[in-house]
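Participant: turn this into a model:
(2 chains)
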Amino acid sequence: MKGKAPEESSLLALNQQEEVVDLLKDYPLSASEDEEDNDGERKHQKLLETIGRLDGKNRQRLAERSEASLQVSEFSVSTEGTGEKLELAELLAPIKPSSSLGTVKKRLKKVKNKKTVELPLSKEENERIHREAAYNKTSQDMDKWDPVVLKNRRAAQLVFPLEQEQVLDAPIEEVLGAWKARTPLEQEIFNLLHKNKQPLTDPLLTPVEKASLKAMSLEEAKQRRAELQKARALQSYYEAKARRQKKIKSKKFHKVLKKRKAKEVLKQFEKLQKVNPTAALEELEKMEKARMEERMSLKHQNSGKWAKSKAIMAKYDLEARKAMQEQLTKNKELTQKLQVPSDSEHDEDAEEDSTLIPDIVNEVQMSIDGPNPWMQKNRGINTQASHIQKKPVAGEESEPEEEEKAGAEEDALLQEVEERRSLWKGSEVNQGSQKQGLRTKAPKRTEEDKEVLAELRTLSKHINKKAKKVRQVGKQHVSPAPAAPKEPSVQREEQSLLDERPERVQTMEDIESLGMEEVSQEQKQLRPGAERRRQRRQQHNHPEQRSPPKVKQEPMIDLHTIITVKTHKANSSLSFPTIVDEEDCDEEVTQKQIIKEAFAGDDVIADFQKEKCEADKASKPKDIDLSLPGWGQWGGPGLVISARKRRRFLIKAPKATPRKDKCLPNVVISEKRNIQAAAHQVNVLPFPFTHQYQFEETIKTPVGTTWNTQRAFQKLTAPRVVTKPGHIIEPIKEKDVESSSSHLGPPTLQRKAQQHAHHRRRRLKKAP
Amino acid sequence: MEAAPKPGSGARVKAQGKKQKPRRYWEGETDGASSLSSNSFTTPAPPRGTKRKGEDLLQPRGAKVPKRSKQIQALKSNQNQKHLRSKQNQNHLRLKKDLRPNHKQELRPSGTLSGAQDPFPGPAPVSENAVNKFRRGSSKFVKKHHLKLVTEHKLKAAADEEEETSVRAARAELLLSEEPGFLEGEDGEDTATIRQSDIVEAVDISSAAKHFDLNLYQFGPYRLNYSRTGRHLALGGRRGHVATFDWITKKLMCEINVMEAVRDIRFLHSETLFAVAQKRWLHVYDNQGIELHCVRRCDRITRLEFLPFHFLLATASETGFLTYLDVSVGKIVASLTARAGRLDVMTQNPHNAVIHLGHSNGTVSLWCPAMKEPLVKILCHRGGVRAVAVDSSGTYMATSGLDHQVKIFDLRGKYQPLTSRALPQGAGHLAFSQRGLLAGGMGDVVNIWRGQGQGSFPSFDQPYLTHRLRGHVHGLQFCPFEDVLGAGHSRGFTSILVPGAGEPNFDGLQSNPYRSRKQRQEWEVKALMEKIPAELIDLDPRNLGEIDVISLEQKKKERIERLGFDPEAKALFQPKQKKKGRSSAANLVKRKTKVKDQEHREKVRQSLQQHQEQQQKKKKKLRTPPSPGSRPSALDRFKR
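Facilitator: Residues are numbered from 1 along each chain as shown, chains lettered A, B, ... in the order given. Reported below is the predicted structural model:
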C-alpha cells in the first residue's frame, strides 16, 4: 500500500495535467481500488476541480493533504509547498531540544549564515584580468629604466663598460680636501699636524716652505737630486751587503763578527767614559736595561727548543755538553745583578724612580736631564717621518737639522728614501713607516749588536705608548679644528650643485635663445643695410642702370642700358699701349675680330632676346589637346575641328613657376634640374624631423679635416659607442639605474620619460 | 709727384706685416722690407694645414671662473633672487662659450700647487666677427611651434657643434702669421707710376730675384701656367717650344719642341704632369718631357682648364666642343656642344668649378659636365668676348669684349654688371690674383687694378700698377702664394712683382710650395681619395647639403598611390557610436559640425592674431619715425 502511494501521487500529478476527458477515463482505473469510504469525498473533490477548471484558466488546485487526520489516505497526499525550499529550521523545529542537538544546530546555523559561492568567472575573463595585472606590474618595473634608456640614447658617446674607475686627474689639493681622517691613526696624525701648525689642505705648504721652495735655485735642486741619488745608491749597497752577510752560514764568521762588534762597543764605551762620563753612565744604564730585558725574556735557560735537544744529546756528545755549559754560564751571568758604581744619591734616587715608574716616563726625565743622543735622534726621525708622509718633497727643505754633520745627513737621506718607499707600498703607511724607519736606522749604525737592538725595541715601544697618550689628549683639541676647513668644502660642493641645476633645467630656453642669437648674428653677417647702401651708391654711379623691379616693366630697353654701362675716363697716360702691333696675332682671328667689331651692336642684343624668349617658351609646360579629328564630326583635309570641341578636350597645363631670370634681362638661367647631382642628394626626411630645413640644419657643418681643426674633427667623428678592450661589459644593474636616475638632472627629461611610459601603458591597456 | 723716383726709396714700399716671414733656404740676407712679398690674410678660408699643427696649444687648460669668488659674490649680494638670475646668465654664457664638454673641469678649484691664481681664467676670448666668418650661413628653419623633444635635441646638438667648430677655427686663425703688404704712394703719388725697377730696388734680394725676364723671341708668343703650389711654371710657345721649370730656383725640369703649334699649356694636379693643346690633339707630358698620352678625342683644342678637386681637364675646341676629361681614370666624362662656334675664351670658377666660356656673340655661358645646356648665359658685351676671369671667391667675374669694355659682374645670383670701363684698345687677357687684384693685358701693356678693401671688386678708376712688356701679351696668370704676375708675350716671358697679390698663408696639406717628393706623393693619394665626382659640379656647391624636395614629394605621391591612402594625413573625425538614441543621424551630424567649427574657429583666431601682430608692427614702424607732417619744434625738448 504504502509503496504504491508515491506511484499513485505521481500518477495523479500526471492526471491533473491532463484534460478532463482523460480524467474521466482514469476514473474507472482508480475506482477499481478497494477504498470505498473516501470515494464520495474524492468524487466530490474531483468534480469541484473540474468545475473550477471550466472557467477557462487552467488553474491547478492541489489536493490538500492532511496528515494529521486520523485517516490518512495515501492517495490524497497534498503537494502543498512543493515550490518552496526546504529550510533547516523547519526541519529542526519539531525536534525536542537536547544537549547533543545543540551543537548540531549551531553548526547548521553557521552553514546557514555562509553565503553561497558565486559562480566562477569564465576562462577568458579570468585570463584577461590576469594579463592586465601582470602588464601593470611589469610596466611599472620597466618604467624605472626609461630615464636611463633615454639618457643613453641621447648621449653623444657611450663608453663601455659604463662604470669606470674614476681616474684621479684632480689636483692633490682637491683630493686632500675631500679626504677625511677616519681611522683613529689618521685622526691622530691630523692632530699632530694641527699641533705642529702644518697646513692640512691647500696651499699645502707653510709660508716657510713656500719661501724655501721659491728660494731653491736650479743648482740647488740639482745638487739635492744628486744627493738623493747617492743616498739611494748607498742604501742599495748596504742592503746588498746585509743580505749577503745574512746568508753566510758560517758560525765562526758570525761569532767573529759579534765579538768584533762587542769589542768596538766596549772601546767606544771606554772612550765615552773618558770624554763624557755622564753619557757613559747613560750608556751603561742602557746596557743594563738591555740585560734586564734579556733576563726577562728567559732566553738562556734550558727551556728553549735548542736547549732541550742539546740536553738529550749531552749524554753522548761532548760538544753539546759544552754548549749547554756555556749557556748555563751565560744565564748565570745575566741573572746576576750588576753592581753599578753610584756617584751620588741623586742618581740612586733616579734608579729607584726608574724601578717604580714605568720606563717611558723615566726616559722623558732623562732626556730632560741631559741630551740623550739615541732618544733625540729617534724622535727627530719620527717627526721627520710624519712630515714626509704628509708632503714628501717639501718636507726636507724646511728642516733646520739639515745643517748637521754629513753622516747625520746621510742618515736622514736614507731615512727619507725608505719613507718614500714605504709610502709607495701603501696600506701600512703610518705605523709601518715608523717601524721601518727605526728598523732601517738600526742596520745603519756600525756599533750595532744585540744590546742595541734590544734597546731600540724598547724605544719603539716607548714611542708607541707616547703616541697613544698624545692621541688621547689630542682628541679633544683637534676635533673641532678639522671641521673648520671641511665646512667650506662642503659648502662649495653644495654651491656647485646649486649652480649646476639651472644649467640643465633651462634646456628649452637655451635652445630658443641660441636660435635667436644665431639669427641675429646672421643678420649682422649679411648686413643688408650695407648691401643696400652699396647698391645705392652704384645706382648713383650709373643712373642708367635701373634696379630689377623697374626692369620688369620694360626689360627690352633696359638691356641696352645694361650693355652700355657708363664708362670711366682714362687718366693714366701710362696705362695705354702706345704701339699697336698686331703682326704677331693670329691673322684670321684678328681679321674676324675687326669685322665683328665693325658690325657689333644691336644684332647681338636682338639675338639674345630671341634666345631668351625661346628658352622661356621651352621651359613652360604645354597644354595637351586630346581632340581627335573626325570624331563626332566630319574629318579630312581642309576641315578643322570646331573650337568648342577643342576647348572641351584641351587639358590646360598648370601655370609655370616664375623663371629665375624673369627680372634679369641680360641673363638666361637654365630651369632644368641637374638630375645627376640630385642622385647624390638626400631624398627622404629622416625620422625625428618634420621639415626639410630642420634636417638641413643638422648636416650643415662639414665634418672633414679640410674644413675643421684637428680637434674639432676628432670630436665630430668620435664614435657613438666605445668599448674598452679587455673589459667585461655587464648589463646595467637595477641599483645603478636608481642611482643614475636620481642624478639624471633635467626634470623635463624625467617627466617626459614618465609621460612616455604612461602613454605606452595606456595604449596597451586598450589592446587586451 | 717726383719726376724720377730716387733709388732705394724704401718708404714707398710699405710693409704692413709686423712679423717677418721666416727666411727661406735660398734667400740671402734680408732687410727690413723683406715682408713685401709676404702678405696676409683675412679671407674666409684660412689655410688648414697650419691651423692643425698648433691648435692644441690654443686649447686653454686652466679651470674656469674660480668657484670661491662666486661664493663670495653670493654672500655679498643682498638681492638674492636678482643675483641668482644673473648668475644663471653667466652660466648660460659660459655654457655657450665653453668648448670642453667636461663639466667636471669647471668644478675644479683654480688653485695650483703653489697656490697661485690664474690671472686670465677660462679660455681666451674670441671676437664674434672672427667666429661669424666660419659659421655656415643662417638657418632657414624658423621654429613656429613646439617640436618633438628628440628633434629639438638634435637641432641643439647641431647648433652646438657648429658653434664649437667655428670658435675653434677662429681660435686657430692666430696661427696665420703672415700678413700681406701693398704699395702705398707718398702723399698723393700715383702707385701706377712706380716702375718695376723701383720696386726691385726697394725690396730684398730674394724678392727682387722674382722679377725676371726670359728673352725667347724665336718661338713666338707664349702661354704660361703656374702649378697649384706656385712653385713651377710651364711655358708653351706658339711655335712648339714647351718648357717647365722651378721658377724660383730657375731649375729646368724639361724643355722640348713638340714641332707643332702649341695653343695652350696646363699643369695637371701636380707638377709632374702637364697637358699641351697642340695643333691637332691634346698631349700629356711628364716632368721629363716624355709624352705619356695623346688624346685624340680632344682635337683642335684652343684652351685648357684643370679642375683640381675633380681631376677634370676641361678643353675648349675650335669645333665648339667643351670636353671634360677625367685625368685620374682617363675617361671623357662629358662632351658638350656650345653651339656658338669657335671657343677660345675659357676660365674656371674656383669656387664651384663651373666653366665660363666666352662667345663671339657677346655672351658668357656657364657650364657643368652634368648638363647638356649652359647653366647660365649672360650677355656681357656688344661685341665678342675676348677674355674672362673669375676671382678666387667666385663672387666676381671680369670680362672684356671687342667693344673695348672691361666689366665686372656679380656672380651671386644676379649676374649684373657692377662696374665697367672702356679701354682704348680693350683687354685681351684678364687674370685675378688670390687676393682679388685684376690684371689686364692690353697690347704690350699690363694694367693691374685693385679694390678698395678686402673682398671688394677692383675699381677701374686708377690702375694699381702698370708695366710695359717687350712684346704683346699672350698669357697672364698670377702666381699662387707669391706676389708675382707672370706674363707670357711674343718675345718671351716676364715675371712682374705685384705687392699684395698672393695669399700669404698657404695650406701645408693642400698646396705646399716647399713640399718634398714624399709629401707630394702622399698628397696625391689623399687628393685622389677625396676626388669629387664630376656630377656634383653645380652653381651652388651647397646644394648637396639640401634635401631633394622634388623627388621627396614624388616618392610621397607614389606611396600614396600604392597604398591607396595617405598614411600621414590627419584622420577625419569619426563620431563615436553612442547608445540610447544619441547616435541618431541628426546627432551625428551635429557632433561632426561641432568639431569642424571648432577647428575653423581655431584657424580664424590664429589668423586674426597674426593680422593684429602685423598691424601692431606696422604701427610701431610708423610711430618710430616722426611723422613728416609735424615739424620738429623747439618746444619738443620739453616733451615727456
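Participant: buried stuff in the biggest strand by length in chain B?
Facilitator: Using DSSP state E to define each element, chain B has its longest strand at strand B:291-299. Along strand B:291-299, these residues count as buried under the neighbour rule (16 or more other Cβ atoms under 10 Å in any protein chain shown): B:293, B:295, B:298, B:299. Placement of C-beta: from N, CA and C, glycine included.
Participant: just list whatever residues bridge to the last one.
Facilitator: For residue B:299, the residues forming beta bridges with it (DSSP bridges) are residue B:281.
Participant: how much space between it and residue B:281?
Facilitator: Separation of residue B:299 from residue B:281 (Cβ to Cβ, to the nearest Å) stands at 5 Å.
Participant: before we move on, back to that, closest to chain A out of the buried residues of strand B:291-299?
Facilitator: Chain A lies nearest to residue B:299 out of the buried residues of strand B:291-299, by Cβ to the nearest Cβ, at 18.1 Å.
Participant: verify the stated contact: that closest one with residue B:280.
Facilitator: Yes: counting by Cβ atoms under 8 Å, residue B:299 does reach residue B:280; the two are 5.8 Å apart.
Participant: from the contact counts, what lies against the longest strand of chain B?
Facilitator: Here strand B:291-299 is seen to pack against strand B:281-286, strand B:312-317, strand B:321-326, strand B:331-337 when contacts are counted using 3 or more Cβ pairs under 8 Å, 6 or more residues apart in numbering or on different chains; DSSP states H and E.
Participant: quick one: distance of that strand to the chain centre.
Facilitator: 33 Å (Cα atoms, centre = their mean, to the nearest Å).
Participant: return the distance of stretch B:504-517 from the chain's centre.
Facilitator: For stretch B:504-517, the separation from the chain centroid amounts to 18 Å (computed by Cα atoms, centre = their mean).
Participant: what residues sit buried inside that stretch?
Facilitator: So for stretch B:504-517, counting by 16+ other Cβ under 10 Å, buried means B:504, B:505, B:506, B:507, B:508, B:509, B:510, B:511, B:512, B:513, B:515.
Participant: output those residues as TSV; include the columns secondary structure and pLDDT.
Facilitator: Below are those laid out as TSV (DSSP: H, G, I helix; E, B strand; the rest coil; pLDDT from 0 to 100):
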residue	secondary structure	pLDDT
B:504	coil	93
B:505	coil	93
B:506	coil	92
B:507	coil	89
B:508	coil	88
B:509	coil	88
B:510	coil	88
B:511	coil	92
B:512	coil	93
B:513	coil	93
B:515	coil	94
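Participant: near chain A too, which of those residues?
Facilitator: Among the buried residues of stretch B:504-517, the ones lying near chain A by Cβ under 8 Å from any Cβ of the partner chain are B:509, B:510.
Participant: didn't residue A:152 look like it was pressed against residue A:158?
Facilitator: Yes: the pair residue A:152 / residue A:158 is scored as a contact, 6.0 Å apart, by Cβ under 8 Å.
Participant: please enumerate the strands of the stretch 51-200 of chain B.
Facilitator: Applying DSSP state E, counting those that start in this stretch to the stretch 51-200 of chain B gives strands spanning B:182-183.
Participant: shaky segments in it?
Facilitator: B:51-115 (pLDDT under 70).
Participant: so residue B:215 makes contact with residue B:492?
Facilitator: Yes: assessed by Cβ under 8 Å, residue B:215 is found in contact with residue B:492 at 4.9 Å.
Participant: these two: which has the busier surroundings?
Facilitator: Between residue B:215 and residue B:492, counted using other Cβ atoms under 10 Å in any protein chain shown, the more crowded position is residue B:492 (21 against 10).
Participant: before we move on, the earlier item: how about the helices and strands packed on strand B:291-299 in CSV, adding mean neighbour count?
Facilitator: Shown next, in CSV, are the helices and strands packed on strand B:291-299 (neighbours: other Cβ atoms under 10 Å in any protein chain shown):
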stretch, mean neighbour count
strand B:281-286, 20
strand B:312-317, 26
strand B:321-326, 22
strand B:331-337, 17
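Participant: how about those in a markdown table, adding distance to residue B:484?
Facilitator: Compiled in a markdown table, the helices and strands packed on strand B:291-299 are given as follows (distance: least, Cβ to Cβ, whole Å):
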| stretch | distance to residue B:484 |
| --- | --- |
| strand B:281-286 | 24 |
| strand B:312-317 | 25 |
| strand B:321-326 | 29 |
| strand B:331-337 | 33 |
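Participant: out of the ones you listed, which is closest to residue A:634?
Facilitator: Smallest distance to residue A:634 across the helices and strands packed on strand B:291-299 (Cβ to Cβ): 46.9 Å, for strand B:331-337.
Participant: show me what that closest one is packed against.
Facilitator: Counting contacts by 3+ Cβ pairs under 8 Å, 6+ apart, strand B:331-337 packs against strand B:291-299, strand B:321-326.
Participant: got the angle for it vs strand B:291-299?
Facilitator: 30 degrees (axes from the mean of the first three to the mean of the last three Cα atoms, to 10 degrees).
Participant: can you list contacts of the helix or strand just after strand B:331-337?
Facilitator: Counting by DSSP states H and E, the element after strand B:331-337 in chain order, helix or strand, is strand B:345-348. Contact partners of strand B:345-348, identified using Cβ atoms under 8 Å, 6 or more residues apart in numbering or on different chains, comprise B:302-305, B:307, B:314, B:316, B:322, B:354-359, B:385-390.
Participant: the following helix or strand past strand B:345-348 pairs with which strands, parallel or anti?
Facilitator: Remark: after strand B:345-348, the chain's next helix or strand is strand B:355-358, criterion DSSP H and E. Sheet pairing here is set by DSSP bridges, and for strand B:355-358 it gives strand B:345-348 (antiparallel), strand B:363-367 (antiparallel).
Participant: for the one residue sitting closest to the centre of chain B, which non-adjacent residue is closest in space?
Facilitator: Among the residues of chain B, the one closest to the centroid is residue B:393, at 3.2 Å (Cα atoms, centre = their mean). Nearest non-adjacent residue to residue B:393, counting by Cβ to Cβ, 6 or more residues apart in numbering or on different chains: residue B:351, 6.1 Å away.
Participant: tell me the contacts of the one you found?
Facilitator: Applying Cβ under 8 Å, 6+ apart to residue B:351 gives the contacts B:390, B:392, B:393, B:394, B:395, B:541.
Participant: mind listing which of those residues are in strands?
Facilitator: Short answer: the contacts of residue B:351 in strands (DSSP E) are residue B:390.
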